[in-house]
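In: Got a sequence here, can you build the structure:
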Amino acid sequence: MNKYDWLLFLHITGAFLLVGGGVVAAALNVAALRRDRPSEILLLFGLTRIAVAAIIAGSLLAFVFGLWLVSEVGYGYGDGWIVGAIVLLILGNAIGGYAGSRDARTAKLAEQLVAQGDAPSAELQARVRDPITLACNYGSGLILVALLALMIWKPGA
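Out: Numbers count the residues shown, from 1 in each chain. The predicted model follows:
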């Protein structure tokens, strides 16, 4: 394998980690929406941390090796699809991170409720179903889909 093949392999590995982590996080989020007991919600939110680690690792790999590929292949860093991809990656991670911080506060509440007897709570249900957090979580997922489409089709390249 030559240098280009390695760069492409690592870039695509990052993309798979990013997309896979996003899918797993979304599935765990949907599962949490269907649970009432704080212990179950806490477990699902805890498992989401694994998906977030994959998202972070994938973002870093895709970004670093993607930029390296730009120079290796001869694209310009100012090409519209490259600038768009960078903006979408940053935006998606920022929005997902904001939602994650809100979910972390919800997990803290679930942890407190588990310690108090693990009874269902209307407040916890409201936090799990918070429309702002859900919009940010699913919005970052839609941004990820747009990013993936942009990277596959490379409009203007």
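In: Touching, Gly22 and Ala51? I think so.
Out: Yes. Contact criterion CB atoms under 8 Å: Gly22 and Ala51 qualify, at 7.5 Å. (C-beta placed from N, C-alpha, C; glycine too.)
In: Comparing these two, which residue is more hemmed in?
Out: Neighbours per residue (other CB atoms under 10 Å) separate Gly22 from Ala51, with Gly22 holding more: 24 against 20.
In: where's the closest residue to the more buried one other than its chain neighbours relative to Ile55, distance?
Out: In space, and not counting its chain neighbours, Gly22 is closest to Leu144: 5.0 Å by CB to CB, 6 or more residues apart in numbering. Using CB to CB, to the nearest Å, Leu144 is found at 9 Å from Ile55.
In: now do Ile86
Out: For Ile86, the distance to Ile55 equals 16 Å [CB to CB].
In: And the two? Which one has more around it.
Out: Under the criterion of other CB under 10 Å, the comparison of Ile86 against Ile55 puts Ile55 first, with 26 against 15.
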